[in-house]
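*Asks:* okay, sequence plus prediction incoming.
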Amino acid sequence: MPYALLHNAMALALDAAARHRGATAPNPPVGAAALDSEGIVLGVAAHPRAGTAHAEILLLDDLRARGLLPRLHTLVVTLEPCSHHGRTPPCVGPVIESGAKRVVIGAKDPNPQVSGAGIRALMSAGIEVRAGVLEGACRELIEPFAKWLRAGRPWVTLKRALLPDGSMIPPPGQKTFSSEESLIQAHALRRRADAILTGSGTVIADDPSFTVRKVPDHPDRSRWLIVLDRRRRVPEQWMDRAAARGLKARRAGSLEEALDFLGS
């Protein structure tokens, strides 16, 4: 099968997984695509949130429901199929039983305790395995998950707006000087975050809402809001209002304390 077809299928799986960034924690976002022996895409699926079926299982169930499972030849998945029990059973068993002849993997599982176990199980069952297709993009997709496995701390994205002279202070009477395009990008970043970290100075000066507004948010999404406030300058009423907006608001005395808590 030409590499271009595998590349295209992996790109479809990546796009599907990326739509669920920010909704799957503590699991990573994962996408999968199915091809027949001619390289025709039979279906695409992605893991929507923790506690639900993984991408491979959703895809196999969809193929079975549409009567397409007998045509399955190649399963393309952004992350190595899991081989251990978590909230859901391991995926390698159903993948082996599906009749797939080949499994194409973007990134290996970053967990050193299980990395490669899924691949070995597939190969032991006589399934051809090809790893490393669009590996860079697949690894970038799961970097927050990999960081937590390595360090027990969250992956941090810094968002700030600067004027040409380097100032971060908006003109009098304004809360921001950002363009509409940059605001949309900022809210897209917020949408895929599990937590928001801010300082007491920002809260006091701007009274921000910290909600996702410029793009549709994930349904029923609740995020941590950590306020660095060792002197407890932020009124308790403000914290209560943040909680009323669906945020899990909490104070932290230092950045170290905040990151340790979020990692836990």
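*Replies:* Cool, the structure landed.
*Asks:* C-alpha only now, for contacts and for neighbours.
*Replies:* Fine.
*Asks:* just for the protein, where's the confidence low?
*Replies:* The chain contains residues with pLDDT under 70 at 85-88.
*Asks:* how about the strands in it?
*Replies:* Under the criterion DSSP state E, the chain contains strands at 31-35, 41-46, 74-79, 102-107, 128-131, 195-199, 224-228, 248-252.
*Asks:* can I get the ones you listed in a markdown table with mean neighbour count?
*Replies:* Shown next, in a markdown table, are these (neighbours: other Cα atoms under 10 Å):
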| stretch | mean neighbour count |
| --- | --- |
| strand 31-35 | 29 |
| strand 41-46 | 23 |
| strand 74-79 | 30 |
| strand 102-107 | 24 |
| strand 128-131 | 16 |
| strand 195-199 | 18 |
| strand 224-228 | 22 |
| strand 248-252 | 19 |
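*Asks:* can you tell me which of the ones you listed comes nearest to residue 156?
*Replies:* Of all these, strand 195-199 sits nearest to residue 156, with 9.3 Å by Cα to Cα.
*Asks:* and the angle from the closest one to strand 224-228?
*Replies:* For strand 195-199 against strand 224-228, the angle by axes from the mean of the first three to the mean of the last three Cα atoms, to 10 degrees is 20 degrees.
*Asks:* just checking: what are the partner strands of strand 195-199?
*Replies:* Its sheet considered, strand 195-199 pairs with strand 224-228 (parallel) by DSSP bridges.
*Asks:* thinking again about what came up before, and the strands of the chain as a markdown table, adding distance to residue 1?
*Replies:* Shown next, in a markdown table, are the strands of the chain (distance: least, Cα to Cα, whole Å):
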| stretch | distance to residue 1 |
| --- | --- |
| strand 31-35 | 10 |
| strand 41-46 | 13 |
| strand 74-79 | 10 |
| strand 102-107 | 11 |
| strand 128-131 | 12 |
| strand 195-199 | 42 |
| strand 224-228 | 46 |
| strand 248-252 | 49 |
